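*Asks:* Have a look at this prediction, sequence included:
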2 protein chains.
Amino acid sequence: MKLLYRRIPILDWLPKYRKEYVVSDMVAGITVGLTVIPQAIAYANVAGLPAEYGLYSSFMACFVYMIFGSCKDVPVGPTAIASILTRETLQKAHLGHNYAILLTFISGCVSMLMGILQLGFLIDFISGPVSIGFTSAAAIIIATSQVKDILGLSFSESNFLRVWKTIFEHIGETRLWDAVMGCICMIVLLILRKIKDLPVISKNTKEPTTMQRAIVKFLWLLSTARNILVVVICGLISWFLTSHLGSSPVILTGDVKQGLPPLKLPPFQSQIGNQTYGFVDTVSALGSGCLVIPILSLLESIAIVKVFSEGKPMDATQEMLALGACNIISSFVSSIPVTGGLSRGAVNHSSGVKTTLGGVYTGILVLLSLQFLTPCFSYIPKSALAAVIIAAVVFMVELHVVKPMWRTKKIDLLLSVATFLCCLFVRLELGILIGIGINLLFLLYASARPSLRVNKVTSTAGYEYLVITPDRSLAFPSVEYVRAVISKQGSRQGNAVPVVIDSTHIQAADFTAAKGIKSLIEDFANRGQPLIFQNLKASVGEIFKGVKPSGLKCCSNEVELNDYLKEYSNLSNNIVSRH
Amino acid sequence: MKLLYRRIPILDWLPKYRKEYVVSDMVAGITVGLTVIPQAIAYANVAGLPAEYGLYSSFMACFVYMIFGSCKDVPVGPTAIASILTRETLQKAHLGHNYAILLTFISGCVSMLMGILQLGFLIDFISGPVSIGFTSAAAIIIATSQVKDILGLSFSESNFLRVWKTIFEHIGETRLWDAVMGCICMIVLLILRKIKDLPVISKNTKEPTTMQRAIVKFLWLLSTARNILVVVICGLISWFLTSHLGSSPVILTGDVKQGLPPLKLPPFQSQIGNQTYGFVDTVSALGSGCLVIPILSLLESIAIVKVFSEGKPMDATQEMLALGACNIISSFVSSIPVTGGLSRGAVNHSSGVKTTLGGVYTGILVLLSLQFLTPCFSYIPKSALAAVIIAAVVFMVELHVVKPMWRTKKIDLLLSVATFLCCLFVRLELGILIGIGINLLFLLYASARPSLRVNKVTSTAGYEYLVITPDRSLAFPSVEYVRAVISKQGSRQGNAVPVVIDSTHIQAADFTAAKGIKSLIEDFANRGQPLIFQNLKASVGEIFKGVKPSGLKCCSNEVELNDYLKEYSNLSNNIVSRH
């Protein structure tokens, strides 16, 4: 019963739903809706698809997430990163835009599978530096893809370097009014973004007046709804100019298909040239995108949950299942891959959303706009949309982490830069895989080459011995190295000095380690040098004993150690005196 | 100067060479030679190549190893595992047998590169269980490939399952005399293998007589030279029968090309059908074999060095460089991949070899046999050679480690079995890669999910607190998990109970960990629950401080901890009393 409540959270919160929540959820849902609509149209453009696909992606997921979602603050819909990854994946596979829908379906299946198989730990393998490098590169690539719309240029180049080359070659063909509108929009958007932080109420004021509070609220609304405001105003201007001049001075979005999307299966087969490919071949053509898109979607979504859960434990598995369901079901209404967006999450949270029901209002707003507003959308200038995107993504370039990263660990900064460059100049999803790969090498190298502290110690009873302390568990890649270091340090001291291995940090071992330790014990026995394990965990000792090493000496405290040292010292004195 | 001596060991030992060594080295070299010749012919068959290639592979490497080799006991030449891997790699790439020579060249380059780039630690990633699974599967595949020769059958199937299917289908066509000879040879070989352990001298005898000593030595020689004995006797029998009956009753090896191999470059290009492929394409056709063969060769060779170095530190880098040189130079005389063989190493060691000069006598013997004995080799029955191989490889199936592995770590046994099955039924070199992959997942999972010990403690001063001890370093895959566990355990106790994180085992951290710890500190600060780090290493503390967490509290001993607890307790009492 508890599991059912966890897996279908609506069963848990719906019965407890209070009347007061209705208003909060509706306000939040509509506010998010106003953010989503311009974003959806813009992200469809980022993904290289017609504008209506963005809207198709923005309603069904909200409904599904209401049922399965565990975090009230996550508004599911298209995001910049999922969109650019979709574009790159389709381009690489030479597949048409309706395969974005297949990609949504596959992403959903992968997410759901990860949830069912409890593979959430895979997401933890994307470290901060890798994710920062990737996000920054993605932001720059997305911004780059929009520059041509700001300038009113038109070409189909998509490779990062070649886009800039083409832009510089065609810079003379820039259309004045598009550029002017784009730049003004960007400036206005950046100002509106900051406006909510204006110090209307000075810090010394203890009881703000009603007027002050109203101004704060108004500024917040202005700031939050900045995208739709800019888009609507630009749309009105271009509609006015078009109806008076006969043609628009700026490039418009053009026809957006009216009405709801058809309810149909995603395209499970593909046709390239004359050949028809089956499902498996199509998936393999889409390649690593099929994994990278869902994993990064989950990463983004889970990051939002963490931000808003304020330290309360979260259920990553439920989030995977919910996102999986959102994507699978959305793919039947021609959606591109969807996930939670951080900026929308912030809007949702600060609008005071109470439950995931808020998403329903967002979804309804999107459906209404699809049914009734698409003729208006065709008047939205392309440069205004591009400005919306650029003003959003520039803040994804995380330059401010360079300093703390340098202070904490310099090699992590290097990793971040390497990931960034690979993402930018090779390919986005390949870049993050390379970054993850390099990062895993760090881990593996650390487990292959632990550090061993070596100290020469004289015990309280006056016996001299060498203490060697390995800093971590013994596993197959490290054991031969540890054996070599201990042997070397031991023989450097001469055979008369006992070697004590302080095993405090050895928390686990495996068969290879046990064999290595057995050889080590034999090496020391052959040399006649005593070898003693101090503070060996019982479970590790059991593992060592599995390979039956002869003469494994363990001690758990100073007294036992002293006994061993004394016994050995007597023994060697006897030998010396006998000769 | 010291480095030069290490890199070209001959400079070190040749000036110190003593007259007494000559006899020892010559005896050992010739003994090894007598083992190598039948093995070489047999392993050429395992690799799917004409018999002379085995001999081509057995002299140049000895000469080169004399100059660069660091371990006197390693006799370099073709081995069963390198041969079967060569066969599988060529078969997969659909390349003819002269590409075995290219494979030798590439293996040499890879070994040398690994030596130069100090990549020896890569070999440590092949754990005991994976290597045991692989070796056992390889032994069974090799034995399987020889069964048809024992039975006198003739077909070209090579897949493990299909070979057995074909054998059972054609079992009726078994040639009587081949089978009889093969079985007798195997029995004789197994008996001769055991004969040296006969208790000629009883344990109570203190001074063995000259006669007894001579018998022991004779039995040892009989046992060591068993392969050549069996092959020579069978050869004589079939020569006798052929010359008397006109045709041989058993299938013979047939013409072995006489004379030394030509001195020429390995084939750097390949021709498949009508298309010519360049070096890069040929290498990519050979695929993972190009890495698996040299790495397993190094593994085998380094294992021998370890066995005979008796705990003395070894120079793995020098071994890689030496084997690299052996393979590269050997590839100019049509050699298949060479490495040190454990069985030959044992022969070499027990024959009392003193320096790597012993290999020169082996090499000369092989050269002489190529020049003068090849006509005789053509009379060797195929079934006798097959018996030699089978009697050698059956001991590579390591059933005796099943028990200790079960006792030490059950999952390692599972891993071993999985590797074994993948090697047997998928493909050898793919199987070991899968095994290594699974094993790395163990490592990664352990670093992603450390275990945390949780204890509720009352300090000497009477303060109650929770101690949480993570068992290993904090790195990117584990930090979110650690944060979640600590948060959960902390909040379960209620906000009044301070949480102390015993950081004894945290030896390192990275940027992601620092960020996670910062969030953790903020979570606790928001709840008003104290969080104290005990025994935090200074270097780790510096890493945490890099992201500027506000309110990081550290203490290094009981007194400091008590001070903190007291301070907090006063604070909360104040708050309580104020309310």
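*Replies:* Cool, got the structure.

*Asks:* Show me how chain A divides into domains.
*Replies:* Listed by automatic domain parsing, the domain ranges of chain A are A:22-403, A:452-578.

*Asks:* so which of those is the most packed in?
*Replies:* domain A:22-403 (a mean of 20; mean count of other CB atoms under 10 Å in any protein chain shown). To be clear about C-beta, it is placed using only N, CA and C from the backbone, and glycine gets the same treatment.

*Asks:* Can you name the next helix or strand after the helix ranked longest in chain A?
*Replies:* Of all segments of type helix in chain A, defined using DSSP state H, the longest is helix A:19-46. Proceeding N to C from helix A:19-46, the next assigned helix or strand is helix A:51-56, under DSSP states H and E.

*Asks:* just checking, what packs against the host helix or strand of A:Val360?
*Replies:* Element membership of A:Val360 [criterion: DSSP H and E] is helix A:358-368. Contacting helix A:358-368 under the criterion 3 or more CB pairs under 8 Å, 6 or more residues apart in numbering or on different chains; DSSP states H and E are the following elements: helix A:19-46, helix A:60-68.

*Asks:* quick one: which of those has the weakest pLDDT on average?
*Replies:* Least confident of these, judged by mean pLDDT, is helix A:19-46 with a mean of 90.

*Asks:* what is the orientation angle of that helix with helix A:358-368?
*Replies:* 50 degrees (axes from the mean of the first three to the mean of the last three CA atoms, to 10 degrees).

*Asks:* So out of everything in the stretch 151-300 of chain A, what residue is nearest chain B?
*Replies:* A:Leu299 (11.0 Å; CB to the nearest CB).

*Asks:* again with the stretch 1-150 of chain A
*Replies:* Taking CB to the nearest CB, the stretch 1-150 of chain A has A:Ser127 as its residue nearest chain B, at 3.4 Å.

*Asks:* List the contacts of that residue.
*Replies:* With contact taken as CB atoms under 8 Å, 6 or more residues apart in numbering or on different chains, A:Ser127 is in contact with A:412, A:415, A:436, A:439, B:476-477, B:510-512.

*Asks:* Can you tell me which of those residues lies closest to A:Phe155?
*Replies:* A:Ile436 (33.1 Å; CB to CB).

*Asks:* pretty sure that closest one is touching A:Leu122, no?
*Replies:* No. Shown here, A:Ile436 and A:Leu122 do not form a contact pair, counting by CB atoms under 8 Å, at 10.0 Å.

*Asks:* before we move on, the earlier item: using CSV, please lay out the helices and strands packed on helix A:358-368 together with distance to B:Cys326.
*Replies:* Output for the helices and strands packed on helix A:358-368, formatted as CSV (distance: least, CB to CB, whole Å):
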stretch, distance to B:Cys326
helix A:19-46, 56
helix A:60-68, 62
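
*Asks:* In contact with A:Met186, which residues?
*Replies:* Contacts of A:Met186 (CB under 8 Å, 6+ apart): A:150, A:387, A:390-391.

*Asks:* just curious, which of these is nearest to chain B?
*Replies:* Using CB to the nearest CB, the contacts of A:Met186 come closest to chain B at A:Ala391, 26.5 Å.

*Asks:* three-state assignment of that closest one?
*Replies:* helix (DSSP: H, G, I helix; E, B strand; the rest coil).

*Asks:* secondary structure element for A:Leu536?
*Replies:* Counting by DSSP H and E, A:Leu536 is found in no helix or strand.

*Asks:* can you check the one 4 residues further on too?
*Replies:* For A:Val540, the host element (DSSP H and E) is helix A:538-546.

*Asks:* quick one, strands of the stretch 351-500 of chain A?
*Replies:* Counting by DSSP state E, counting those that start in this stretch, the stretch 351-500 of chain A has strands at residues A:452-458, A:464-470, A:499-502.

*Asks:* For those strands, give me TSV that also has mean pLDDT and distance to chain B.
*Replies:* As requested, the strands of the stretch 351-500 of chain A are exported to TSV (pLDDT from 0 to 100; distance: least, CB to the nearest CB, whole Å):
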stretch	mean pLDDT	distance to chain B
strand A:452-458	90	10
strand A:464-470	91	10
strand A:499-502	92	12
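
*Asks:* still on that earlier bit, pLDDT added to the contacts of A:Met186, as TSV?
*Replies:* Formatted as TSV, the contacts of A:Met186 follow (pLDDT from 0 to 100):
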residue	pLDDT
A:Ile150	91
A:Ala387	93
A:Ile390	92
A:Ala391	90
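
*Asks:* Find the nearest non-adjacent residue to A:Leu474, please.
*Replies:* A:Ala513 (3.8 Å; CB to CB, 6 or more residues apart in numbering or on different chains).

*Asks:* contacting residues for that neighbour?
*Replies:* A:474-476, A:478-479, A:543.

*Asks:* from those residues, which is closest to B:Ser248?
*Replies:* A:Phe476 (50.3 Å).

*Asks:* any idea how far the closest one lies from A:Ile438?
*Replies:* 22 Å (CB to CB, to the nearest Å).

*Asks:* next one: A:Glu169
*Replies:* Distance from A:Glu169 to A:Ile438, by CB to CB: 35 Å.

*Asks:* ok, now A:Ser447?
*Replies:* 16 Å.

*Asks:* ditto for A:Gly133
*Replies:* Relative to A:Ile438, and taking CB to CB, A:Gly133 is found at 10 Å.

*Asks:* Leaving out chain neighbours, which residue sits closest to A:Cys185?
*Replies:* Using CB to CB, 6+ apart, the closest residue to A:Cys185 is A:Ala387 (3.5 Å).

*Asks:* So A:Tyr474 sits against A:His505, correct?
*Replies:* Not quite, residue A:474 is Leu, not Tyr. No. If you go by CB under 8 Å, A:Leu474 and A:His505 don't touch, sitting 9.8 Å apart.

*Asks:* mind listing the strands for the stretch 151-300 of chain A?
*Replies:* A:270-272, A:275-277.

*Asks:* what packs against the last one?
*Replies:* Right, strand A:275-277. By 3+ CB pairs under 8 Å, 6+ apart, strand A:275-277 packs against strand A:270-272.
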